[in-house]
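J.: Take a look and give me a structure for this.
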Amino acid sequence: MKVHLDTHAVVWLYTGEVKKFSKTLFGKMQSADLFISPPVMLELAMLHQIGKSRDSEDKVFNSLHKEIKLEIDNVDCAKAFLKSCNLTWTRDPFDRLIVACAEVSGVTLVTRDLHIHNNFKRALW
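T.: Now for the predicted structure:
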């Protein structure tokens, strides 16, 4: 099973905060092919640039790539950007793009965000 991870899930895996995931969800993640969409890399970069993350997006990604084989999904960005225009249930551009990428790719999105859960049927937590 291929899944996308939301930004906070990536951060928690990187910082070792696996207790934030239920045992059931963590088990599913361990047996899945884990991906992030390109907007997650951008959000990680911005979090680092504004001082909310001590490590760069490259360091976070490279570490998780080695550790859990995390990959960046090759999403059709044009389709995702166009799809995100119709996601009017949020004004957060990252939520729009991350959900749109999961939608375009036809995959599950691991996210704790209840607003996403209420609006995206393939959200998992």
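
J.: Which residue ranges of the protein form strands?
T.: Along the chain, counting by DSSP state E, strands occupy 2-5, 33-36, 71-72, 108-110, 123-124.

J.: As a markdown table, those strands with distance to residue 51 and mean neighbour count would be great.
T.: Heads up, the C-betas are built off the backbone N, CA and C, glycines and all. Listed next are the strands of the chain as a markdown table, based on distance: least, Cβ to Cβ, whole Å; neighbours: other Cβ atoms under 10 Å:
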| stretch | distance to residue 51 | mean neighbour count |
| --- | --- | --- |
| strand 2-5 | 23 | 22 |
| strand 33-36 | 22 | 20 |
| strand 71-72 | 24 | 14 |
| strand 108-110 | 26 | 22 |
| strand 123-124 | 29 | 18 |
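
J.: Go through these and name the closest to residue 20.
T.: Smallest distance to residue 20 across these (Cβ to Cβ): 11.3 Å, for strand 108-110.

J.: And that closest one, what does it pack against?
T.: strand 2-5, helix 93-105, strand 123-124 (3 or more Cβ pairs under 8 Å, 6 or more residues apart in numbering; DSSP states H and E).

J.: Just give me how far the shortest one sits from the chain centre.
T.: Here the centre of strand 123-124 is set off from its chain's centre by 11 Å, with Cα atoms, centre = their mean, to the nearest Å.
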